[in-house]
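Student: Attaching a predicted model along with its sequence, questions to come.
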There are 2 protein chains.
Amino acid sequence: MSTTTVTVTGMTCGHCVSSVREEIGNIPGVTAVDVDLASGRVAIDSDTPIEQAALAQAVDEAGYELAG
Amino acid sequence: MSTTTVTVTGMTCGHCVSSVREEIGNIPGVTAVDVDLASGRVAIDSDTPIEQAALAQAVDEAGYELAG
């Protein structure tokens, strides 16, 4: 069990949150995704640690960017 | 053939635009919906004039509001 927290920039509404949640949720091993629209913080629970590249790709596919 | 132009408030991104376009597009007689995110202006082409109540309801169902 692993928890990863990142910040996603560019989300403006609930639809954006849903898109990010869905794309990250599709990463193998991810068991939960919690997105806070106001801060852009995304907490991801997974069976094993997630590769940063997979996370960045999922966020990109949703149409947003990882901060930092 | 009739064209109605209204302003919708609260749209922040392309997902919002899609929701508004879809809900208004479901009104019987509507043939085209053009949404400008920046200004909130929505132009609706229809076979016959659209009732304001139907338009307000569609925008409400999308999660936004008619201005004015």
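Tutor: Great, that's in hand. The model shown is predicted, which means the values in this text are computed figures rather than measured ones.
Student: Please make it C-alpha for all contacts and neighbour counts, starting now.
Tutor: Fine.
Student: Off-centre distance for stretch A:45-63?
Tutor: 6 Å (CA atoms, centre = their mean, to the nearest Å).
Student: Identify all contacting residues around that stretch.
Tutor: Residues from elsewhere that reach stretch A:45-63 (CA atoms under 8 Å, 6 or more residues apart in numbering or on different chains): A:1-4, A:8, A:16, A:19-20, A:23-24, A:27, A:29-33, A:65-66.
Student: Just give the nearest non-adjacent residue to the spatially most central residue of chain A, would you?
Tutor: Centroid-nearest residue in chain A: residue A:24, 4.7 Å away (criterion: CA atoms, centre = their mean). Leaving out its chain neighbours, the residue that sits closest to residue A:24 by CA to CA, 6 or more residues apart in numbering or on different chains is residue A:58, at 5.5 Å.
Student: doesn't the one you found fall inside a helix?
Tutor: Yes - judged by DSSP: H, G, I helix; E, B strand; the rest coil, residue A:58 forms part of a helix.
Student: and it, how many neighbours?
Tutor: Burial of residue A:58 is recorded as 23 neighbouring residues (other CA atoms under 10 Å in any protein chain shown).
Student: repeat for residue A:47
Tutor: 13.
Student: Now do it against chain B, distance only.
Tutor: The gap separating residue A:47 from chain B is 31 Å, by CA to the nearest CA, to the nearest Å.
Student: Distance check, that residue against residue B:30.
Tutor: 49 Å (CA to CA, to the nearest Å).
Student: do residue A:57 as well
Tutor: 38 Å.
Student: Between helix B:14-25 and whichever helix or strand residue A:23 is part of, find me the angle.
Tutor: Taking DSSP states H and E as the definition, residue A:23 sits inside helix A:14-25. Between the axes of helix A:14-25 and helix B:14-25, defined by axes from the mean of the first three to the mean of the last three CA atoms, to 10 degrees, the angle is 120 degrees.
Student: Just confirm residue A:53 is within a strand.
Tutor: No - according to three-state DSSP, residue A:53 belongs to no strand; its state is helix.
Student: How many residues are close by it?
Tutor: If you count neighbours by other CA under 10 Å, residue A:53 ends up with 9.
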